[in-house]
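In: Need a 3D model of the following:
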Amino acid sequence: MIPPLTEGQQTTLTCTAPGLCSGSDPKITWTWRGAGEKDSQITGNITAFKTENLTAFTQRHSSTLTFNPSAEHHNSNVTCEVSFTNNITAEETKALNVNFVKKPMITGITTVKDVMI
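Out: Predicted coordinates:
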C-alpha cells in the first residue's frame, strides 16, 4: 500500500523486478490510469533504472519514479510493468490517494435590468 501523498510534494515510488535476474536487463515501465481513462505515462516525472550486482551471476533491477502528485492523480492507479525476454511480464498496480486543497468556486446570480433612455 502506498501511503497518502500530498499535492505538490515530490514523491518517489520504487518498483523492483521480481526474483533475481541473470541475463538481459528487464524493461520497467510506469503508467497511470485515472477513473474511466486509458493507461498513460505520468507526465513531468523522472525515472531512474538501477542494477545491483548481488553475486557474479545474479542482479536485482529496480526503477524509481519521482513526480509531483496533483489532484488529477487522486484515486488513480499507478502500474509498474516489468518485461523480460521471451515476452514474460509481471506487473503490479496500486491506488494513489492524494491529499489536496479543493479550489474555491465562485457562484452568483446575475440580474439584468431593462433601462429606457
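In: so what's the residue nearest to the spatial centre of the chain up against?
Out: Here the mean C-alpha position of the chain is nearest to the C-alpha of residue 78 (Cα atoms, centre = their mean), at a distance of 4.3 Å. Contact analysis of residue 78 by Cβ atoms under 8 Å, 6 or more residues apart in numbering lists 2, 13, 30-32, 42, 65, 93-94, 96. (C-beta placed from N, C-alpha, C; glycine too.)
In: ok, so of those, who is nearest residue 74?
Out: residue 96 (6.7 Å; Cβ to Cβ).
In: Convert the C-alpha atoms of the lowest-mean-pLDDT helix or strand in the chain to CSV, please.
Out: None of the helices or strands of the chain scores lower by mean pLDDT, DSSP states H and E than strand 46-53, at a mean of 84. Extracted as CSV, the C-alpha positions of strand 46-53 are listed here (Å, rounded to 0.1, in the frame of the first residue of the first chain):
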residue,chain,number,x,y,z
ILE,A,46,11.8,11.4,-13.6
THR,A,47,12.5,7.7,-13.8
ALA,A,48,15.8,6.0,-12.9
PHE,A,49,16.9,2.5,-13.5
LYS,A,50,19.2,0.8,-11.0
THR,A,51,21.0,-2.6,-11.2
GLU,A,52,22.6,-4.2,-8.1
ASN,A,53,25.1,-7.0,-8.6
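In: What helices and strands are in contact with that strand?
Out: Under the contact criterion of 3 or more Cβ pairs under 8 Å, 6 or more residues apart in numbering; DSSP states H and E, strand 46-53 touches strand 59-67.
In: Next, the angle from the strand it packs on to strand 46-53.
Out: Direction vectors for strand 59-67 and strand 46-53, defined by axes from the mean of the first three to the mean of the last three Cα atoms, to 10 degrees, enclose an angle of 160 degrees.
In: Mind giving me the packing neighbours of strand 59-67?
Out: Here strand 59-67 is seen to pack against strand 11-16, strand 27-33, strand 46-53, strand 77-84 when contacts are counted using 3+ Cβ pairs under 8 Å, 6+ apart.
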